[in-house]
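Q: Sequence and predicted structure, then a few things I'm wondering about:
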Amino acid sequence: MIRCHLSTFMGRDKLRISDVSRLTGLNRSTVSALYKETVTRLDVAAINVLCNLFRCSVGELFEHVPDDDRSAL
C-alpha cells in the first residue's frame, strides 16, 4: 500500500483542502482524495506541485507500506 502524508503536511502548515487546491491549482477532489488516502491514480505533475508547495521530497510525501496479504500479488 502507498501511504500519503499530505494530511501531516497540511496540519503542520495549518492548511485546509481548499487552501492546497487554491495554492497548487489542483482540483479540490484530487486534494481531498490524497488527504483521505483514497486516491487510485495520480499525475506526476500533481506530485511535483505538492512537493514544491511543502518543500519536501517524494519519499517524504509518500511511503510504501508492505501489504500483509501476499495474495494481492
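A: Happy to help now that I have it. Residues are numbered from 1 along each chain as shown.
Q: Quickly note the distance from Arg3 to Val20.
A: Remark: distance between Arg3 and Val20 (Cβ to Cβ, to the nearest Å) = 18 Å. Using the backbone N, CA and C atoms, a C-beta is placed for each residue, glycine as well.
Q: Tell me, how many residues neighbour the spatially closest residue to Asp67 that is not a sequence neighbour?
A: Spatial nearest neighbour of Asp67, excluding adjacent residues (Cβ to Cβ, 6 or more residues apart in numbering): Met1 at 5.8 Å. Taking other Cβ atoms under 10 Å as the criterion, the count of residues near Met1 is 10.
Q: got a list of what Met1 touches?
A: Remark: with contacts taken as Cβ atoms under 8 Å, 6 or more residues apart in numbering, Met1 is in contact with 64-67.
Q: cool, and Ile47?
A: Applying Cβ under 8 Å, 6+ apart, we find Ile47 in contact with 58, 61-62.
Q: Separate out the buried members of those.
A: In terms of neighbour count (16 or more other Cβ atoms under 10 Å), the buried residues within these are 61-62.
Q: in this protein, what spans have low per-residue confidence?
A: Per-residue confidence of the chain (counting by pLDDT under 70) places the weak regions at 69-73.
Q: need the strands for it, in chain order.
A: In the chain, the strands defined using DSSP state E lie at 2-4, 62-64.
Q: Could you export those to a markdown table, including columns for distance to Val44?
A: Conversion of those to a markdown table gives the following (distance: least, Cβ to Cβ, whole Å):
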| stretch | distance to Val44 |
| --- | --- |
| strand 2-4 | 14 |
| strand 62-64 | 12 |
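Q: between these, which one is nearest to Arg12?
A: With Cβ to Cβ, the closest approach to Arg12 among the strands of the chain belongs to strand 2-4: 14.3 Å.
Q: Would you list the strands that that closest one pairs with, along with their directions?
A: Each strand that strand 2-4 pairs with, and the sense of that pairing, follows from DSSP bridges: strand 62-64 (antiparallel).
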